[in-house]
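J.: sharing a model prediction with you, sequence too.
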Amino acid sequence: MDRPRVTIFDTTLRDGEQSPGCSMNVQEKLRLAHQLDRLGVDVIEAGFPIASDGDFEAVQGISAAVRRPIIAGLARACTGDVDRAWQALQGAAHPRIHVFLATSDIHLKYKLRITREQCLEQARDAVRHAKSLCADVEFSPEDATRTDVAFLCQVVEAVIAAGATTVNIPDTVGYSMPEEYGQLIRTLREKVAGIDKVTISTHCHNDLGLAVANSLAGVQQGARQVECTINGIGERAGNAALEEIVMAMRVRPDRYAYEAGVASEHLFASSQILAEITRVPVQPNKAITGRNAFAHEAGIHQDGMLKNPLTYEIMTPQSVGVPDSRLVLGKHSGRHALALRCEQLGHQFERRELDEVYRRFVVLADRIKKVQDSHLLELIQDVVKGNASNSDAPSSESKKFPPAAVALPLPRSAVAAAGANANESHPAQVSAGAGQAQAQPGPAPTNWFGGGVPAPIADHHGDQEDYLWGV
Ligand code: KIV
Ligand code: ZN
């Protein structure tokens, strides 16, 4: 049976960028936008064009370069902002103008200094203007969760009548509780005329650590778009984390029977690329993409894992793109293995660039024996920047990018000896059945979870290339 589709609206480049220390330049935004495209998000909020020339250029550049997803530009509810957003979105294949205006009494009184009536009129006028330019218009009543519910219904009804096609309900200050947020979505669906013609969206902040729970509660009550960010970055405590939303739906379809069009095997690389660009590392215990997310330290856990990974893992590392920790990179590794690891860390190289990465890698491997992801990322940085110095030694920067390796590299033979079925598709096919993540189906060789090892890259450049495959 077809599951309802939930639109994944990524706002890493807009709300995420508002996170302290996370600002990105135009080139960096473009790079991340391409990765978000690869990841399969439905909407990329590329920026807030009136905010700065850099933001404008980023929205313009992403509109021209990234053609599959919808590209959204943010605008306050006024003509100048809407026009500027539309100007930046001109080249987009699928443009969306996202208009917002605060609706809570606190914001109206202290920030905007307008009455509810003025707010209603301003929201309606701005959406009407946006609609005259662009068919796809989203409206967000900022601080919706602290807005008088009857007034919120009135505003939402007015913007739908004015042409909004998506209505987003922000928990701007991360104040709501999951039941309460779900109830708000339900109330809007019950009370607002025309709501069945538009997409309801969630936009939850994480001030009480409930952004993901609130977003999922909203989806359960009928929201069909989730606004989220890679690594959960965003204002203050951040936004709902994209990778957590996607994997919650994938691992527990018995509870959240919804479909997102995201290719989960690109989640880890997306997280790494963002961390690399912003130089804000992922917290080690971050769900899904933290370096400890698939590590097993305790003896009892390791014993369980050796007997059967199902004992302590609800999804495979491969299903979210965490590199196979058994593929140790050392001086005997070839270009092939190196290229694969680079790809898993979010870097795809042309032949000549790869040659240069490989040359430096061999020098480094000769010195330090085992090359960690952190070293590799630094080395890649140097090559990308064309920085010839510092090519063969890990710098202090490596501390910023600790290796993502699983702490328990269990050889397949150990699993087999312990009686586990190494080819079992972990953990999707156990009794919780429909409820768990599918490992990527793939040709032999399989890894020790039974998931497919990513297919070898077509051209081989050396004799060492296949050393590590099928270990
Ligand atoms: O948190 C918020 O209210 C926002 C809006 C601009 C959508 O980011
Ligand atoms: Zn926000």
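T.: Now that the structure is in, tell me what you want to look at. Ligands and ions are numbered 1, 2, ... in the order given.
J.: what is the mean pLDDT for stretch 85-104?
T.: Model confidence over stretch 85-104 averages 98 on the pLDDT scale.
J.: next, the buried residues of that stretch.
T.: If you call a residue buried by 16 or more other CB atoms under 10 Å, then stretch 85-104 has these buried ones: 85-86, 88-89, 92, 94-104. C-beta here means a position set from N, CA and C on the backbone, and glycine is covered the same way.
J.: low-confidence stretches in the protein?
T.: Low-confidence regions of the chain, defined here as pLDDT under 70, cover residues 1, 324-327, 387-471.
J.: enumerate the residues of it near ligand 1.
T.: Within the chain, the positions near ligand 1 by CB under 6 Å from any ligand atom are D15, F100, S140, E142, N168, P170, T172, H203, H205.
J.: among those residues, who's most crowded?
T.: When the residues of the chain next to ligand 1 are compared by neighbour count (other CB atoms under 10 Å), H203 ends up highest, at 28 neighbours.
J.: contact partners for that residue?
T.: Taking CB atoms under 8 Å, 6 or more residues apart in numbering, we find H203 in contact with T11, D15, S140, N168, I169, P170, D171, T172, E227, N239.
J.: show me those that map onto strands.
T.: The members of these that map onto strands under DSSP state E are S140, N168, I169, P170, D171, E227.
J.: which residue sits closest to the fourth one, ignoring its sequence neighbours?
T.: If the residues on either side of it in the chain are set aside, P170 comes closest to H203, at 4.1 Å by CB to CB, 6 or more residues apart in numbering.
J.: just P317 next, same as before
T.: Beyond its immediate neighbours in the sequence, the residue positioned closest to P317 (CB to CB, 6+ apart) is F294, lying 4.4 Å away.
J.: what's the answer for A263, then?
T.: Taking CB to CB, 6+ apart as the measure, A263 lies nearest to G40, with 4.6 Å between them; neighbours along the chain are not counted.
J.: surely the residue nearest to P170 is in a strand?
T.: Yes: membership of H203 in a strand is supported by DSSP: H, G, I helix; E, B strand; the rest coil.
J.: number of nearby residues for A126?
T.: A126: 25 neighbours (other CB under 10 Å).
J.: need phi/psi at it.
T.: Summarising the backbone geometry of A126 under the convention degrees, to the nearest 10, its torsions are phi -70, psi -40.
J.: distance of the spatially closest residue to it that is not a sequence neighbour from A123?
T.: Setting aside the residues directly before and after it, A126 is nearest to A77 in space (CB to CB, 6+ apart), at 3.5 Å. A77 is 6 Å from A123, where distance means CB to CB, to the nearest Å.
J.: give me the common contacts of these two.
T.: If you check A77 and A123 against CB under 8 Å, 6+ apart, the residues they both contact are V99, L101.
J.: and Q154, helix, strand or coil?
T.: When states are read from three-state DSSP, the local structure at Q154 comes out as helix.
J.: just checking, it touches L120?
T.: Yes: counting by CB atoms under 8 Å, Q154 sits close enough to L120 to count as a contact (6.4 Å).
J.: residues touching Q90, list them.
T.: Listed by CB under 8 Å, 6+ apart, the contact partners of Q90 are Q60, S63.
J.: for it, helix, strand, or coil?
T.: Using three-state DSSP, the secondary structure recorded for Q90 is coil.
J.: wait, which of the buried residues of stretch 85-104 is closest to K307?
T.: Taking CB to CB as the measure, K307 lies nearest H94 of the buried residues of stretch 85-104, at 49.1 Å.
J.: is that closest one in contact with I70, as I believe?
T.: Yes: applying CB under 8 Å, one finds H94 in contact with I70, separated by 4.3 Å.
J.: so for these two, which residues contact both of them?
T.: Looking at what touches both H94 and I70 (by CB under 8 Å, 6+ apart), the common residues are D136.
J.: which other helices and strands contact whichever strand or helix holds V363?
T.: Secondary structure from DSSP states H and E places V363 in helix 351-368. In this structure, helix 351-368 packs against helix 335-344, helix 373-384, with contacts taken as 3 or more CB pairs under 8 Å, 6 or more residues apart in numbering; DSSP states H and E.
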